[in-house]
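Undergrad: Pasting the sequence and the predicted coordinates here, then a few questions.
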Amino acid sequence: MNYTDKDTYGIYKDLDNEGPGPELMGADTLIGNDVANHLDEDLGNIKEIMLHVRSGTVAYAVLSYGGFLGMGDKLFAVPWKALTLDTVNKRFVLNVAKERLETAPGFDKDHWPDMNDPAWQEQISTFYGSGLSEGETGREQAEIR
């Protein structure tokens, strides 16, 4: 599923076919979007969008990977800045190899981490290399490495 599938009002069409696509989107339209890596490997889909309420920014996308029909899947909090919206293929891109994702800090649906814990935040930031400067995308960060 992708954001255009949930676009019941037609607000996400790129009418002039220019630019990177929608700049403002409803969070619900992104839930269920596929995530792939730069090798075009399927990494799962977005299960939840985590907002930092005080700052009004998106902090993490919760990625579901593995399992079968939602059973036994592992969840990963991926820093929002580590994801790039691929408007051509209508999905997100996360520049992490499938094998590396399998070793990422994750959790299951019944045992969520304390996302306010600074040690947890540092672990996630270090794993995904999301110490990105303002406006920098995950793709740009991967090219720097």
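TA: That came in fine, so what should we check first?
Undergrad: show me where the protein has strands.
TA: 34-36, 42-52, 57-65, 74-79, 83-86, 91-94 (DSSP state E).
Undergrad: okay, those in a markdown table with mean neighbour count next?
TA: Bear in mind the C-beta positions are built from the backbone N, C-alpha and C, glycine included. Below are the strands of the chain laid out as a markdown table (neighbours: other C-beta atoms under 10 Å):
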| stretch | mean neighbour count |
| --- | --- |
| strand 34-36 | 19 |
| strand 42-52 | 18 |
| strand 57-65 | 20 |
| strand 74-79 | 22 |
| strand 83-86 | 20 |
| strand 91-94 | 24 |
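Undergrad: Stretch 65-85 spans what distance, first to last residue?
TA: End-to-end distance for stretch 65-85, by C-alpha to C-alpha, to the nearest Å: 18 Å.
Undergrad: Looking at this protein, which helix is longest?
TA: Identified as the longest helix of the chain according to DSSP state H is helix 118-128.
Undergrad: rewinding a little: out of the strands of the chain, nearest to residue 129?
TA: strand 74-79 (9.0 Å; C-beta to C-beta).
Undergrad: helices or strands up against the closest one?
TA: Packing partners of strand 74-79 (3 or more C-beta pairs under 8 Å, 6 or more residues apart in numbering; DSSP states H and E): strand 57-65, helix 118-128.
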